[in-house]
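> The following block contains a protein sequence and its predicted model.
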Amino acid sequence: MKDEGRLVYSTDGSLPLPRYDAPKRPASQRKGAAAVPDDGVLRVGCERRRGGSVTLVYGLAPAELAQAAGTLKRLCGTGGTAKDGVLTLQGDHRDTVIGHFAQSGRRAKRMGG
(Lines give C-alpha, C1' and ligand atoms only; values in the text may rest on other atoms or scores of the structure.)
Protein backbone atom coordinates (compact mmCIF):
# COMPACT_ATOMS: atom_id res chain seq x y z
CA MET A 1 0.00 0.00 0.00
CA LYS A 2 1.28 3.48 -0.85
CA ASP A 3 2.02 6.11 1.75
CA GLU A 4 -0.57 8.74 0.88
CA GLY A 5 0.19 10.86 3.94
CA ARG A 6 3.27 12.35 2.30
CA LEU A 7 2.99 16.04 1.37
CA VAL A 8 3.58 16.61 -2.34
CA TYR A 9 2.41 20.18 -2.88
CA SER A 10 0.86 22.85 -0.72
CA THR A 11 0.20 26.56 -1.01
CA ASP A 12 -0.04 26.82 2.77
CA GLY A 13 3.13 28.62 3.91
CA SER A 14 2.82 27.54 7.55
CA LEU A 15 3.91 23.93 6.97
CA PRO A 16 7.56 23.20 7.76
CA LEU A 17 9.63 22.03 4.81
CA PRO A 18 11.95 19.05 5.16
CA ARG A 19 15.64 19.93 5.33
CA TYR A 20 18.23 18.23 3.23
CA ASP A 21 21.87 18.92 4.01
CA ALA A 22 24.02 17.50 1.23
CA PRO A 23 27.14 15.80 2.54
CA LYS A 24 30.30 17.82 1.96
CA ARG A 25 32.84 16.15 -0.30
CA PRO A 26 36.58 16.82 -0.29
CA ALA A 27 37.90 19.01 -3.12
CA SER A 28 39.52 15.99 -4.77
CA GLN A 29 36.13 14.31 -5.22
CA ARG A 30 34.15 17.29 -6.54
CA LYS A 31 32.89 17.27 -10.09
CA GLY A 32 35.43 18.73 -12.47
CA ALA A 33 38.36 18.26 -10.12
CA ALA A 34 41.13 16.33 -11.79
CA ALA A 35 43.91 14.62 -9.91
CA VAL A 36 46.82 15.24 -12.29
CA PRO A 37 50.32 14.31 -11.16
CA ASP A 38 52.92 17.09 -11.14
CA ASP A 39 55.55 15.24 -13.17
CA GLY A 40 56.16 17.78 -15.96
CA VAL A 41 54.08 15.86 -18.50
CA LEU A 42 51.13 17.70 -20.03
CA ARG A 43 47.83 15.79 -20.05
CA VAL A 44 45.48 16.43 -22.97
CA GLY A 45 41.92 15.10 -22.73
CA CYS A 46 38.49 15.58 -24.26
CA GLU A 47 35.09 15.86 -22.56
CA ARG A 48 31.52 16.37 -23.69
CA ARG A 49 29.98 19.56 -22.29
CA ARG A 50 26.70 21.25 -23.16
CA GLY A 51 26.23 19.18 -26.28
CA GLY A 52 29.75 19.71 -27.66
CA SER A 53 33.29 18.52 -27.11
CA VAL A 54 36.01 20.46 -25.33
CA THR A 55 39.73 19.79 -25.21
CA LEU A 56 41.35 20.12 -21.78
CA VAL A 57 45.07 20.64 -21.17
CA TYR A 58 46.40 20.01 -17.65
CA GLY A 59 49.91 20.52 -16.30
CA LEU A 60 50.84 23.94 -17.70
CA ALA A 61 52.64 26.33 -15.36
CA PRO A 62 50.61 29.41 -14.41
CA ALA A 63 53.18 31.65 -16.15
CA GLU A 64 52.79 29.89 -19.51
CA LEU A 65 49.04 29.25 -19.34
CA ALA A 66 47.92 32.52 -20.97
CA GLN A 67 50.55 32.37 -23.72
CA ALA A 68 49.76 28.74 -24.54
CA ALA A 69 46.05 29.55 -24.61
CA GLY A 70 46.53 32.29 -27.21
CA THR A 71 48.81 30.15 -29.36
CA LEU A 72 46.56 27.08 -29.30
CA LYS A 73 43.37 29.05 -29.93
CA ARG A 74 44.98 30.57 -33.04
CA LEU A 75 46.43 27.23 -34.16
CA CYS A 76 43.11 25.37 -33.76
CA GLY A 77 40.96 28.27 -35.00
CA THR A 78 38.62 28.05 -32.05
CA GLY A 79 37.67 29.75 -28.81
CA GLY A 80 38.71 28.74 -25.36
CA THR A 81 39.71 29.84 -21.91
CA ALA A 82 42.53 29.42 -19.42
CA LYS A 83 41.54 29.45 -15.76
CA ASP A 84 42.19 27.50 -12.57
CA GLY A 85 45.31 25.97 -14.14
CA VAL A 86 43.37 24.29 -16.96
CA LEU A 87 43.37 25.29 -20.63
CA THR A 88 40.00 24.61 -22.29
CA LEU A 89 39.50 24.70 -26.07
CA GLN A 90 36.17 24.35 -27.84
CA GLY A 91 36.04 21.18 -29.93
CA ASP A 92 38.16 18.02 -30.07
CA HIS A 93 41.70 19.18 -30.91
CA ARG A 94 43.74 16.59 -28.99
CA ASP A 95 45.96 15.58 -31.91
CA THR A 96 46.72 19.20 -32.88
CA VAL A 97 47.55 20.15 -29.28
CA ILE A 98 49.79 17.12 -28.71
CA GLY A 99 51.56 17.78 -32.03
CA HIS A 100 52.15 21.43 -31.10
CA PHE A 101 53.72 20.54 -27.77
CA ALA A 102 55.82 17.79 -29.37
CA GLN A 103 57.24 20.31 -31.87
CA SER A 104 58.10 22.72 -29.09
CA GLY A 105 59.93 20.02 -27.14
CA ARG A 106 57.31 19.42 -24.43
CA ARG A 107 56.09 15.99 -23.50
CA ALA A 108 52.32 15.64 -23.77
CA LYS A 109 50.19 12.54 -23.53
CA ARG A 110 46.59 11.72 -24.29
CA MET A 111 44.41 11.47 -21.21
CA GLY A 112 41.33 9.25 -21.07
CA GLY A 113 40.03 7.13 -23.93
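Sure, I can see it. Residues are numbered from 1 along each chain as shown.
> in this protein, which spans are strands?
Using DSSP state E, the strands of the chain run over residues 42-49, 52-58, 80-83, 86-90, 108-110.
> Distance to Leu72 for these - can I get that in CSV?
Placement of C-beta: from N, CA and C, glycine included. As requested, these are arranged in CSV below (distance: least, C-beta to C-beta, whole Å):
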stretch, distance to Leu72
strand 42-49, 10
strand 52-58, 8
strand 80-83, 7
strand 86-90, 6
strand 108-110, 11
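> And those strands: which comes nearest Ala68?
Using C-beta to C-beta as the measure, strand 86-90 is the one of the strands of the chain that comes nearest Ala68, at 6.1 Å.
> And the longest helix seen in the chain, what's buried?
For the chain, the longest helix by residue count, based on DSSP state H, is helix 62-76. When neighbours are counted by 16 or more other C-beta atoms under 10 Å, the buried residues of helix 62-76 are found to be 65, 68-69, 72-73, 76.
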